[in-house]
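> whatever this is, show me its structure:
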Amino acid sequence: QLQLVESGGGLVQPGGSLRLSCAASGFTFESYAIGWFRQAPGKEREGVSCIASSGSAVYGDSMRGRFTASRDNVKNTVYLQMNSLKPEDTAVYYCARAKGCFSGAEYDYWGQGTQVTVSS
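A predicted model of the protein is given here:
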């Protein structure tokens, strides 16, 4: 059974850090890219990052320099290290599977999401 399961969300103060995990199962993990997205209440879903099967990653403009994606193909897990968090980073964060990190890539399986709240 194909699954993507996010974890690691929580409440953090502005300027703090969190590391999200996306554990994958049921498919050939190392052959796929994994994207991170987020959605805040009342806002559209936003792309956060995408890490290709090669390990190279791309980021949204507001995340670049603060967020770092990595992957462990032995543990079938992708990580999103988030530093210097801001209140506007508050959202539900999702991971999803794609063939690659190219424009127009189709994300066909999604996790259930994990809540990140940045507040003092």
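
> which residue is nearest the centroid of the chain?
The centroid of the chain falls nearest to Trp36 when counting by C-alpha atoms, centre = their mean (2.8 Å).

> leaving out the residues flanking it, which one is nearest to Gly113?
Val92 (4.3 Å; C-beta to C-beta, 6 or more residues apart in numbering). In this view, the C-beta of every residue, glycine as well, is placed from N, C-alpha and C.

> quick one: contacts for that neighbour?
Residues counted as contacts of Val92 (C-beta atoms under 8 Å, 6 or more residues apart in numbering) are Gly9, Arg38, Gln39, Ala40, Gly113, Thr114, Gln115, Val116.

> angles on the backbone of the fifth one, please.
Right, Gly113. phi 100, psi 150 (degrees, to the nearest 10).

> one more: the fourth one?
Backbone dihedrals for Ala40, given as degrees, to the nearest 10, come out at phi -100, psi 160.

> isn't it right next to Thr90, touching?
Yes - the criterion here is C-beta atoms under 8 Å, and Ala40 meets it with Thr90 at 6.1 Å.
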